[in-house]
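Chemist: Next one to model:
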Amino acid sequence: MPEADELYPEHILDHYKHPRNKGILEPASYWARDTNPLCGDELTIYLRVDGSERISDVRFDGRACVISQASASMFTEDLRGKSVAEVVRLGREDVLRNIRVSLPTARMKCALLPLHALRRALGLSPEAPEV
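Modeler: Okay, here's the model as predicted:
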């Protein structure tokens, strides 16, 4: 069986091996956990929002495959400094733009897990609208 280093592009492996924004954020203004029942990934996303409704800090934690963890690392980098109103409008293409590789349907659910957790945290439907 091939090693992960042989299966994934360098930018994905970098975020998997050296995830940005990983850990628990306390106190958090918003947080939610979501799972991918197909592969067992569990991911919690935490947001801290300042007085101007901008994301001042963001973290993620959980057990996740290479794609989920790399996606969460890249996605959380994009969230810091955005307003809650901007974040509400994020969709699947905003997540997949970071991945930059074609994924089969089963792996797509892994890549979108951080978006689904974010949407749950904000009290929205986990399925993002198409943008």
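
Chemist: Any buried residues in the helix or strand hosting residue 46, and which?
Modeler: Using DSSP states H and E, residue 46 falls within strand 41-49. Neighbour counts using 16 or more other C-beta atoms under 10 Å place 41, 43-49 of strand 41-49 among the buried residues. For the C-beta atoms, the positions are set from N, CA and C on the backbone; glycine is no exception.

Chemist: Identify the residues contacting the longest helix belonging to the chain?
Modeler: The single longest helix within the chain, with elements called by DSSP state H, is helix 105-121. Residues outside helix 105-121 that contact it (C-beta atoms under 8 Å, 6 or more residues apart in numbering) are 30-36, 38-39, 41, 43-47, 60, 64-65, 67-68, 71-72, 75-76, 79, 87, 90-92, 94-96, 99, 103, 125-128.

Chemist: Only alpha carbons, please: show that helix as PDB.
Modeler: Once non-C-alpha atoms are left out, helix 105-121 reads as follows in PDB (Å, rounded to 0.1, in the frame of the first residue of the first chain):
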ATOM      1  CA  THR A 105     -17.100  11.800  -3.900                       C
ATOM      2  CA  ALA A 106     -16.200  10.000  -0.700                       C
ATOM      3  CA  ARG A 107     -13.100  12.100  -0.200                       C
ATOM      4  CA  MET A 108     -15.100  15.300  -1.000                       C
ATOM      5  CA  LYS A 109     -17.000  14.700   2.200                       C
ATOM      6  CA  CYS A 110     -13.700  14.600   4.100                       C
ATOM      7  CA  ALA A 111     -12.600  17.900   2.500                       C
ATOM      8  CA  LEU A 112     -15.900  19.700   3.300                       C
ATOM      9  CA  LEU A 113     -16.100  18.500   7.000                       C
ATOM     10  CA  PRO A 114     -14.600  21.800   8.300                       C
ATOM     11  CA  LEU A 115     -17.200  23.800   6.300                       C
ATOM     12  CA  HIS A 116     -20.000  21.700   7.700                       C
ATOM     13  CA  ALA A 117     -18.700  22.100  11.300                       C
ATOM     14  CA  LEU A 118     -18.400  25.900  10.800                       C
ATOM     15  CA  ARG A 119     -22.000  26.100   9.500                       C
ATOM     16  CA  ARG A 120     -23.200  24.100  12.500                       C
ATOM     17  CA  ALA A 121     -21.300  26.400  14.800                       C
END
